[in-house]
Every structure is written in structure tokens, then in C-alpha cells.
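Colleague: predicted coordinates and the sequence they were generated for:
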Amino acid sequence: MSAPKTFHVKSFGCQMNVYDGERMAELMAAQGLTQADAIDADVVVLNTCHIRERATEKVYSDIGRLRKDQRRKSGKTPMIAVAGCVAQAEGEEIFTRAKVDIVVGPQAYHNLPDLVAKAAAGTPSLDTDMPLLSKFGALPARRKVAPSAFLTVQEGCDKFCTYCVVPYTRGAEISRPFAAIVDEAKALVDAGAREITLLGQNVNAWSENERGLHDLIRDLDGIPGLARIRYTTSHPNDMTQGLIDAHRDIETLMPFLHLPVQAGSDRVLKAMNRSHTRDSYLRLLDRVRAVRPDIALSGDFIVGFPGETDAEFADTLSLVDAVGYAQAYSFKYSPRPGTPAASIVEQVPETVMDERLQRLQAALNRDQHAFNAATVGRQCTVLLERAGKLPGQLIGKSPWLQSVHLIGDHAIGDLVDVTLGAAGPNSLTGIDRVREAA
């Protein structure tokens, strides 16, 4: 196989995978390769997620479809690299089930150029080592980026929720060094970022010596040109008073908090090995709202955890009613091999999970629409991030992470003062306050 000249990275799953995909693309570009569409690329990297039950099968389906599409168009066979959490979990099994060239885990993708070179020489390569943060020092400098950029500050998880594979695919909790994070944040701003979202499996577990995430945010707040800071995903166990107070004190920290709860029943939470109770979670939200009354709250929910009864699911619905989420993610329980919950005998039937998920999502959609409607008429600043479908239309985000559509003489990357107008279930229109005044 000749050395590839073009590449494509396709990422699935969480924001951390998006960040990893961007960094892999930068690695390939630094080697002189040119980015291309998947159907044309010489090497295609599938950056995978392993959270859902069918994630592995989807990878094999994508591999087959990719090869078929490229053969139909050009008659060539691309070099295929499987990266990310499926690569970490499946390892050599991927070589057995599909003829791929590279398998590389989420802690080893900095070695991708070497693995590509070996594959081009005819040697399929596997790297699922999990060295502590060494990949970050091997990645190229950040270049041009979007107005809103991701920055990984923490990886791994020590919580061992009984349904979750992350501790096995991403490893133990570890924090990147403070100085390295600040340097990368400055480079992102220099490359065009106006907003940075700090990422971690448990981002609020970030620490260095006596510093916590709130200290890191306070330092990032001083970077010239950085207008907005966000962070995700948080764990209730690591939501310190210092971080809560940061939402009151730091203007660049946006009034949005994603704090997964997963269920509203204490028995189910205990079975999930979540460290919080229903009451402690609600009291934590009260403390956040006490310092930032306008904060938008987001969460994660799992329905149909093994043994969940109708009454326990009703507890989840009542928690949703009590909180009033601005947005949320909800999923049916998906057994992952090797996790404790997968061995529980009392699995909830698929039809019951389907019905519960529909009811939960109806409640969450109701509350999201209500939150959006309540912000109509509010004045705020919108960061424009991409073009819309209509002529002259741009789409950005409000401080509360709402999608806002705006038509006017603006550019991507602009921060525009608007009055929020008509609200739909998932977005709002914005009225340019300069034009409104005129």
C-alpha cells in the first residue's frame, strides 16, 4: 500500500471524542496529508464511542459501507483506522472481525502517524496502551479553530457506575497540568476561539495540588480575547462550593450547568453506584440557583435500569417536574459487557423501556420549550458559530446554550447583542439590538 496523501476523521459520541477527532486531524495535517471526504480519502479514521449497546456493531457496519462506497466510486480500498473507545474495548478482536489496518485507543492516538506509516508498509498496527497524559505533549500546536472550541482538561473516571464502561476504556481519573491547559487555551484564542468548553469525563474532578476547577476557570478568565467559558460533564460528587461561587463571580463563565442525575429513585441510584441521593442532588441545585438564579440546568437520564419499577420511574418523572431542565439527554438502559449491571437478572423489557423513554422525553421537551419561551424578550449576547439554511442567516448560542437564528450583516465569530424573539422547541430567533434601536 502506498503512503496515503488524504485523510478523513469521523467522530461519534461525546464532546471529548469531538476534541480527540480534531486533534487526530491536526496530527494528520502536520504530516502533510490533506483533509478529504470519507468517500475519497486514502486513510479514514473512525473515532468510536462505546457507550451504547449497538456501538460496536455500528463500527463494523460503517467499515463495510465505507469500503463499498469507495470501491463503487474509484475502485480503491482505503486504509481504515478504528480509534476511540470501541478500539480500546475490542482490541485485536477488530482485526479478527474486520480487515482494518489500525486499531488505536483513546490514550494512544498521538501515535497515529507512526501507525499509518507501518500500515502503509503492510503491517497492521494495534496500540491500546494507556500512558498517563503523554499524548497531549506529542500533539501539534493548535491552529485555526472555530469560534467555540473544546479543550480536554481531565480524563478517565474513578466513580465506577455499574452501567458504565468509561473507567475501562478511558482509565482512571487524571488531570492535565495547569500550565499545559492555560497554554492550550491561549493558543485556541490566538487561533480564533472566542469561547472554550472545558471537557472531562468528570471535568469538575480536575485538580492540581490545592487548585480545583474553579481556580483554573479564574485563571482562564484573564486570557485576553476569551469571552466565554463553559465546562462539561460534571459529577454531583465533585460540585464544590468554590465552583458554585464561580458561577456568581466570573462573568465569562456562562450560566449553564450540565449535571447528570440519571434517575429519581434512591434505590435505583444506589444500584447504579451513584454517590448522590435524590434529595442531595436537589439541594445541590438549590445552592447553584441561589448564587446564579438565571442558570440553565441540563442533565442525563437512564430509563429501564435493571429492576426499575413503575413507581421508581415515576420518581424520575417527579424529579424532572421539580427541576425544570432547560435541556437534557435521555437514554434507554443499555447493558455493556463487563459492567456489573449487565449481570443483573432482572432486566426491564424493551417495550417497557420504550414507553418510559417516550414519557420522559415528552416531559423534558415540555420543559425545554417552556424555558425557551420564558427567555423571549430577554436581552443577551449571542456568539455566531455557523451559517444557517436561509440567505444571510447565521446561527449562534446564547449564554444559556440555546441555538439562536439571526439575519443581519454579521460574520461567524461575532458577538452580537440581541433581543431573543420567537421561541421554538429547540431554538429562538434573535433581533439585532442595533437594528432594533434604529
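Modeller: Yes, it's here. Numbering: from 1, shown residues only.
Colleague: can you give me the buried ones in stretch 30-39?
Modeller: For stretch 30-39, a neighbour-count test (16 or more other Cβ atoms under 10 Å) marks 33, 36, 38 as buried. C-beta coordinates here come from the backbone N, C-alpha and C atoms, glycine included.
Colleague: from the middle of its chain, how far away would it be?
Modeller: The chain centroid and the centroid of stretch 30-39 are separated by 24 Å, computed with Cα atoms, centre = their mean, to the nearest Å.
Colleague: ok, and what's touching that stretch?
Modeller: By Cβ atoms under 8 Å, 6 or more residues apart in numbering, the residues outside stretch 30-39 that reach it are 4-8, 10, 25, 28-29, 42-44, 66, 69-70, 73, 113, 116, 140.
Colleague: ChimeraX command for the buried members of these?
Modeller: Selection of the buried residues among the contacts of stretch 30-39 in ChimeraX, burial being defined by 16+ other Cβ under 10 Å:
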select :4,6,7,8,25,28,42,43,44,66,70,113,116
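Colleague: can you list which of the contacts of stretch 30-39 are found in strands?
Modeller: Counted as lying in strands by DSSP state E, out of the contacts of stretch 30-39, are 6-8, 10, 43-44.
Colleague: which two of the residues you listed have the greatest separation?
Modeller: Farthest pair in the ones in strands among the contacts of stretch 30-39 (Cβ to Cβ) is Thr6 and Lys10. Separation: 13.9 Å.
Colleague: the stretch 201-350 of the chain: strands as residue ranges?
Modeller: 207-208, 211-212, 228-232, 256-258, 296-303, 327-332 (DSSP state E, counting those that start in this stretch).
Colleague: so which of these comes closest to Ala185?
Modeller: Smallest distance to Ala185 across those (Cβ to Cβ): 9.0 Å, for strand 228-232.
Colleague: now the angle from that closest one to strand 296-303?
Modeller: Here strand 228-232 runs at an angle of 20 degrees relative to strand 296-303 (axes from the mean of the first three to the mean of the last three Cα atoms, to 10 degrees).
Colleague: distance between strand 228-232 and the chain's centre?
Modeller: Using Cα atoms, centre = their mean, the offset of strand 228-232 from its chain centre is 12 Å.
Colleague: could you shift the numbering so residue one becomes 59, and keep it that way?
Modeller: That works, and once the first residue is 59, the last one we named lands at strand 286-290.
Colleague: other SSEs contacting that strand?
Modeller: If you count contacts as 3 or more Cβ pairs under 8 Å, 6 or more residues apart in numbering; DSSP states H and E, strand 286-290 packs onto strand 253-257, helix 271-278.
Colleague: next, format the ones you listed as CSV and append distance to Asp159.
Modeller: Listed next are the helices and strands packed on strand 286-290 as CSV, based on distance: least, Cβ to Cβ, whole Å:
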stretch, distance to Asp159
strand 253-257, 28
helix 271-278, 39
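Colleague: out of those, flag the one nearest Ile402.
Modeller: Here strand 253-257 is closest among the helices and strands packed on strand 286-290 (Cβ to Cβ), at 30.9 Å.
Colleague: quick one: contacts of the closest one?
Modeller: 73-74, 77, 205-212, 243, 246-247, 264, 271, 274-275, 278, 284-291, 312, 441, 455.
Colleague: partners of that strand in the sheet?
Modeller: Strand 253-257 has its sheet partners listed here by DSSP bridges as strand 206-210 (parallel), strand 286-290 (parallel).
Colleague: lovely, talk soon.
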